[in-house]
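Colleague: Fold the following for me, if possible:
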Amino acid sequence: MSEKGKYYITTAIAYTSGKPHIGNVYEIVLADAIARFKRLEGYDVWFQTGTDEHGQKNELKAEAEGITPKEFVDRVAGIIKGQFDLMNVSYDHFIRTTDDYHEREVQRIFKKLYDQGDIYKSAYEGLYCTDCESFFTESQLVDGKCPDCGREVHPAKEEAYFFKMSKYAPRLIDYINEHPEFIQPVSRKNEMMNNFLLPGLQDLCVSRSSFKWGIPVEFDPKHVVYVWLDALTNYITGIGYHCDGSSTERFQKEWPADLHLIGKDIVRFHTIYWPIFLMALDLPLPKQVFGHPWLLMNGNKMSKSKGNTIYADDLVDVFGVDAVRYFVLHEMPYENDGNLTWELVTERNNSDLANILGNLVNRTISMSNKYFGGVVKNSGVTEPVDDDLKAVVSSCRDRTAAKMADLRAADAITEIMNLFKRCNKYIDETMPWSLAKDEAKLPRLETVLYNLVDSICVGASLLQPFLPQTCENIFRQLNTQPRAWDELDQTGLYPSGGKVTEQPEILFARLAEDEVIARAEEKRLANQPVPAIEVEPQTEEKVDFDTFCKSDFRAVKVKACEAVKKSDKLLRFTLDDGTGVDRQILSGIHKWYEPETLVGKTLIAIVNLPPRKMMGLESCGMLISAVHKEKGEEALHLLMVDDSIPAGAKLC
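Modeller: Below you'll find the predicted structure:
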């Protein structure tokens with residue numbers, strides 16, 4: 001073990017109901033930055049993440065697809081892991097709750113808690129949310145809906161096993177009061193104490209008997225272990241815990257966890273249920289649980305139903321991995337929700353990454369090549385302005401470490417970017433281009449460029465946990481290695497006489513906002529289901545008759561149709577809807593139709609949808625189509641009617 005000791009960090013394990021959006025992936029990127037920074041500081045880090053795979057929701061989704069639950073979660077777990085790997089996440093272990101070792105140990109834990117009287121059998125009756133797999137009382141609902149996800153709940157009753165929460169609640173209250181660092185930020189701690197612990201805990205349902213996709217209770221196989229006792233225990237089963245006393249060396253070394261990093265919406269489960277489970281198992285509690293805020297899209301929570309989800313791979317395709325990492329790490333507040341838009345990411349890419357960092361590195365290397373053939377030499381010709389630069393550089397390590405000690409990643413990155421800003425100011429102060437004009441001042445110019453290269457090395461070493469690929473690129477171009485932690489409060493360590501690359505690479509290209517928005521719209525459309533009348537049987541949410549009758553379906557005649565510039569998918573329709581005023585609708589069907597073939601056709605459209613912008617154009621309605629499979633590929637057909645039907649005729 002290193003001199004600094006061990007550091008065990010976990011994320012919440014991702015639920016395998018579908019592809020995670022960037023708000024979900026933010027957590028794993030933040031955990032990765034913390035883990036990498038701890039490694040830089042000299043800690044022996046173990047970083048665990050994974051997937052939560054059991055539950056009724058996955059059972060129903062698998063059934064709808066006609067596959068087994070295991071086949072379903074295998075596929076989705078692969079997608080989730082792929083998103084994490086894309087973001088260059090350096091986890092040490094990826095656990096799945098369908099792993100054999102985890103399932104076996106959960107069964108043993110359940111039996112142990114039952115045998116010692118902490119779990120008992122009864123029946124549960126209440127209001128149930130299938131998506132959250134949680135029961136709620138009437139008073140817990142918000143506007144009659146699930147307080148966690150806002151979806152509908154329904155009455156449910158079933159036999160279940162329960163855990164005696166009240167038995168351990170006083171002990172947990174004392175622990176939280178005695179360990180103010182345990183729940184962070186403090187606002188989360190106050191919420192848990194005032195809303196849940198102090199009013200009194202109800203016993204917790206820890207098994208289900210109304211579905212089968214779960215870990216069977218070994219001594220009562222018609223029950224499966226309920227989600228939280230299954231999912232939460234991954235933090236100990238993944239490092240080799242055995243409740244019979246034969247835990248592995250890894251467990252003995254790593255537990256208790258130093259940090260559970262989770263979303264603010266599951267703080268209750270990690271700071272109340274999980275500590276109580278650990279108390280019942282006679283295990284120490286994790287040192288800290290940090291409930292991070294949400295990453296919003298245009299100020300709203302990301303949701304597939306709202307059509308405002310953004311995925312990590314879509315962002316990476318436009319900006320690159322490290323630009324996306326930079327945005328989610330630098331723009332997320334410590335406690336309040338952050339906001340993401342394509343415009344904001346573009347602005348940060350151009351201002352911070354391309355201008356402040358990329359331009360600094362490129363200018364420094366280019367001047368070294370132009371004036372000295374790439375050789376970086378410290379001639380020792382100093383001026384007072386050098387001292388101020390060196391003071392900023394040598395103090396950056398400790399300022400950054402202080403911010404990371406409080407898990408303030410955004411503030412830590414700001415400290416590092418301030419170092420690079422100071423380097424840019426140093427260029428303006430010393431004016432290397434002016435020094436180059438006087439041969440007598442070339443030794444001073446050598447020192448100036450040396451100070452810049454040396455300072456960039458320190459800054460890149462500190463930035464590496466946040467932007468690992470970019471910093472590797474910087475070190476390669478400067479022909480050097482990252483500095484060790486103990487060297488990062490020093491300057492003048494770049495080898496005098498070293499040689500930078502002859503061909504500097506652009507770290508971050510400036511992007512045109514209109515082009516980014518065009519690509520964003522392409523990706524939004526690609527992520528949306530094709531508006532269609534499905535010909536394949538599917539399980540659909542029921543819509544009441546009155547709601548259906550509000551949809552205004554009309555016959556529309558195509559007066560003109562053309563491809564939208566900068567879009568591979570969109571066609572722009574000019575339609576006669578019988579009102580005497582042309583209607584414009586945009587539809588992502590260019591894959592299946594050439595625009596000229598549709599002119600004169602009579603189509604069906606919903607005309608009372610609110611207008612929305614696509615590629616800077618307003619679309620007023622939606623054309624109806626049918627989609628099905630042809631030779632394994634998706635095929636689409638616009639719904640066309642006899643041309644004798646007049647424009648504006650209403651379908652009923």
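Colleague: which intervals of the stretch 251-400 of the chain have sub-threshold pLDDT?
Modeller: Flagging of the stretch 251-400 of the chain using pLDDT under 70 yields the residue ranges 305.
Colleague: where along it do the helices fall?
Modeller: Along the stretch 251-400 of the chain, the stretches classed as helices by DSSP state H, counting those that start in this stretch are 267-268, 274-280, 312-319, 321-330, 342-348, 359-372, 384-405.
Colleague: Can you give the contact residues for the fourth one?
Modeller: Contact partners of helix 321-330, identified using Cβ atoms under 8 Å, 6 or more residues apart in numbering, comprise 22, 25-26, 29-30, 33, 86-88, 295, 312, 315-316, 319, 338, 340, 344-345, 348-349, 352-353, 409-410, 413-414, 417, 466-470, 508. C-beta here means a position set from N, CA and C on the backbone, and glycine is covered the same way.
Colleague: before we move on, back to that, out of the helices of the stretch 251-400 of the chain, flag the one nearest residue 612.
Modeller: In this view, these are compared for proximity to residue 612 by Cβ to Cβ, and helix 342-348 is the closest at 15.5 Å.
Colleague: Residue 158 belongs to a helix?
Modeller: No. With the criterion set as DSSP: H, G, I helix; E, B strand; the rest coil, the secondary structure at residue 158 is strand rather than a helix.
Colleague: That one: how many residues sit nearby?
Modeller: A count of neighbours around residue 158, defined by other Cβ atoms under 10 Å, yields 16.
Colleague: Who does it form a beta bridge with?
Modeller: Applying DSSP bridges to residue 158 gives these bridge partners: residue 124.
Colleague: my guess is it contacts residue 208, does it?
Modeller: Yes. At 6.8 Å, residue 158 counts as touching residue 208 under the criterion of Cβ atoms under 8 Å.
Colleague: what's the overlap in contacts for the two?
Modeller: Counting by Cβ under 8 Å, 6+ apart, nothing touches both residue 158 and residue 208.
Colleague: Tell me if residue 46 really is in a strand.
Modeller: Yes. Remark: residue 46 belongs to a strand, assigned using three-state DSSP.
Colleague: Show me where the stretch 151-300 of the chain has its strands.
Modeller: Secondary structure of the stretch 151-300 of the chain, counting by DSSP state E, counting those that start in this stretch: strands at 154-163, 183-184, 204-205, 207-208, 224-225, 259-263, 289-292, 295-297.
Colleague: Tell me which of the ones you listed is the most buried.
Modeller: Here the criterion is mean neighbour count by mean count of other Cβ atoms under 10 Å, and of the strands of the stretch 151-300 of the chain the winner is strand 207-208, at a mean of 26.
Colleague: residue contacts, the nearest residue to residue 198 once chain neighbours are set aside?
Modeller: Residue nearest to residue 198 in three dimensions, not counting chain neighbours: residue 173, with 7.3 Å by Cβ to Cβ, 6 or more residues apart in numbering. With contact set as Cβ under 8 Å, 6+ apart, residue 173 has these partners: 193, 197-198.
Colleague: and which of those residues is nearest residue 41?
Modeller: Distance ranking of the contacts of residue 173 against residue 41, using Cβ to Cβ, places residue 193 first at 32.2 Å.
Colleague: how about that closest one, what does it touch?
Modeller: By Cβ under 8 Å, 6+ apart, residue 193 lies in contact with 173, 176.
Colleague: and residue 57, what element?
Modeller: helix 56-65 (DSSP states H and E).
Colleague: Check which helices and strands that helix is in contact with.
Modeller: Contacts of helix 56-65 with other secondary structure elements, assessed using 3 or more Cβ pairs under 8 Å, 6 or more residues apart in numbering; DSSP states H and E, are made with helix 69-86.
Colleague: I'd like the average pLDDT over the helix holding residue 57.
Modeller: Per-residue pLDDT values across helix 56-65 average out to 94.
Colleague: List of residues touching that helix?
Modeller: 15-17, 68-69, 71-73, 130-131, 133, 208, 210-213, 538-539.
Colleague: And stretch 419-437, by the same measure?
Modeller: For stretch 419-437, with Cβ under 8 Å, 6+ apart as the criterion, the contacting residues are 356-357, 359-360, 363-364, 367, 370-371, 383, 385, 388-389, 392-393, 396, 441-442, 444-445, 448-449, 451-452, 455-456, 458-459, 462.
Colleague: let's see 7 Å
Modeller: 356-357, 360, 363, 367, 371, 385, 389, 392-393, 396, 441, 444-445, 448-449, 452, 455-456, 459 (Cβ atoms under 7 Å, 6 or more residues apart in numbering).
Colleague: which of these are buried?
Modeller: In terms of neighbour count (16 or more other Cβ atoms under 10 Å), the buried residues within these are 356-357, 360, 363, 367, 371, 389, 392-393, 396, 444-445, 448-449, 452, 455-456, 459.
Colleague: That's all I had, so thanks and see you.
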